[in-house]
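Colleague: The following comprises the amino acid sequence and a computationally predicted model.
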Amino acid sequence: MKTIITLLSSALFVAATTFVNAQTTAFAHPETPAYKPRIIKDFGLYLGINGVSGSGADQFGLRPLGSRFVALSWRRNLPLGDKPGSMRIGIGPELAWNNFMFDDNQRLAITTPATGLSQAVLVRETKALDKSKLTTLQGNLPILLLFGPADKVTFGIGAYAGIRLASYTKIKPESGGKDRERGAYNTTSIRWGLTAEAAWNEGTGIFVRYEPGTTLFKTGQGPDVNVWSVGLRL
């Protein structure tokens, strides 16, 4: 009799354990639907500061906090794998404004020598200036390789190329009024650069850009400077 009771108890124990495990699996671990990679729309607002490097940087004095970078990006992130966290390609157009705020009461001007090419130079004004800047607007096409979970920290490295859409200078004397003049000012029509980003919280992050292969001004027609930008991506 004891043997029968022991066997029945053991059978009930195994059955109960099996039932509990089955219920735990069914409720705590429901069947996960298959992951379907998709194209993600990724609008970005870039806010930062500009700077320059190169042999002409010393004569290109800028106000660091006044030389601002702004860009609007309409990017699409294309999946390269069929698993969450797979690498992605980020590509899409953007509009980028580089604002170069000059220091030491200087403004940008074009001089035309009797012989040779016109030159973009910085000249010192006799009247006190509250602001003096050069602004360029570019249409860019960045391409980035993105890796890392999209809902955590994502890193991106890549490059961009762009064409100048507009440029102008603006001076604002301390005595009042302002003078804005549109023109190319010998700036390079097409510029390209390298970029890197680290983003979190669905796109908020930091970025850095540098243009090692192209200069702000055409070769021999202005200061020999390369542009860099750094800031936040929102």
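Modeller: Nice, thanks for sending it over. Keep in mind that this is a model prediction, so the values were computed, not measured.
Colleague: now the strands for the protein?
Modeller: 40-53, 68-79, 88-91, 94-101, 106-111, 119-124, 129-147, 154-173, 179-182, 190-200, 204-210, 226-233 (DSSP state E).
Colleague: From the contact counts, what lies against the fifth one?
Modeller: If contacts are counted by 3 or more Cβ pairs under 8 Å, 6 or more residues apart in numbering; DSSP states H and E, strand 106-111 sits against strand 119-124, strand 129-147, strand 154-173. All C-beta atoms are positioned from the backbone trio N, CA, C, and that covers glycine.
Colleague: re the thing from before, any idea which of the strands of the chain gets closest to residue 61?
Modeller: For the strands of the chain, proximity to residue 61 was assessed by Cβ to Cβ; strand 106-111 is nearest, at 6.7 Å.
Colleague: quick one: buried residues of the closest one?
Modeller: For strand 106-111, a neighbour-count test (16 or more other Cβ atoms under 10 Å) marks 106, 107, 108 as buried.
Colleague: Give the bridge partners for the second one, please.
Modeller: Bridge pairing for residue 107 (DSSP bridges) gives the partners residue 123.
Colleague: Would you agree it is in contact with residue 173?
Modeller: No. Using Cβ atoms under 8 Å, residue 107 is not in contact with residue 173; the gap is 10.4 Å.
Colleague: follow-up on the earlier one: need the winner for burial among the helices and strands packed on strand 106-111.
Modeller: strand 129-147 (a mean of 19; mean count of other Cβ atoms under 10 Å).
Colleague: For it, name the packing helices and strands.
Modeller: Under the contact criterion of 3+ Cβ pairs under 8 Å, 6+ apart, strand 129-147 touches strand 68-79, strand 88-91, strand 94-101, strand 106-111, strand 154-173, strand 190-200.
Colleague: between those, which gets nearest to residue 223?
Modeller: Shortest distance between residue 223 and the helices and strands packed on strand 129-147, using Cβ to Cβ, is found for strand 106-111: 9.5 Å.
Colleague: tell me the contacts of the residue sitting nearest the centre point of the chain?
Modeller: Residue closest to the average C-alpha location in the chain (Cα atoms, centre = their mean): residue 207, at 5.1 Å. The contact partners of residue 207, by Cβ atoms under 8 Å, 6 or more residues apart in numbering, come to 46, 48, 195, 196, 197, 198, 229, 230, 231, 232, 233.
Colleague: rerun at 6 Å
Modeller: Contacts for residue 207 (Cβ atoms under 6 Å, 6 or more residues apart in numbering) come out as 197, 233.
Colleague: and what of the one 3 residues further on?
Modeller: Applying Cβ under 6 Å, 6+ apart, one finds that residue 210 lies in contact with 193, 194, 228.
Colleague: how about a markdown table for the buried residues of strand 106-111, with pLDDT and distance to residue 184 added?
Modeller: Below are those laid out as a markdown table (pLDDT from 0 to 100; distance: Cβ to Cβ, whole Å):
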| residue | pLDDT | distance to residue 184 |
| --- | --- | --- |
| 106 | 92 | 19 |
| 107 | 92 | 16 |
| 108 | 94 | 11 |
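Colleague: picking that back up, pull out the buried residues from the contacts of residue 210.
Modeller: 193, 228.
Colleague: Turn the contacts of residue 210 into TSV, columns for distance to residue 99 and pLDDT.
Modeller: TSV is the format used below for those (distance: Cβ to Cβ, whole Å; pLDDT from 0 to 100):
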residue	distance to residue 99	pLDDT
193	17	97
194	21	98
228	14	97
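Colleague: Can you tell me which of the contacts of residue 210 is closest to residue 147?
Modeller: Out of those, the member with the shortest distance to residue 147 (by Cβ to Cβ) is residue 194, at 16.8 Å.
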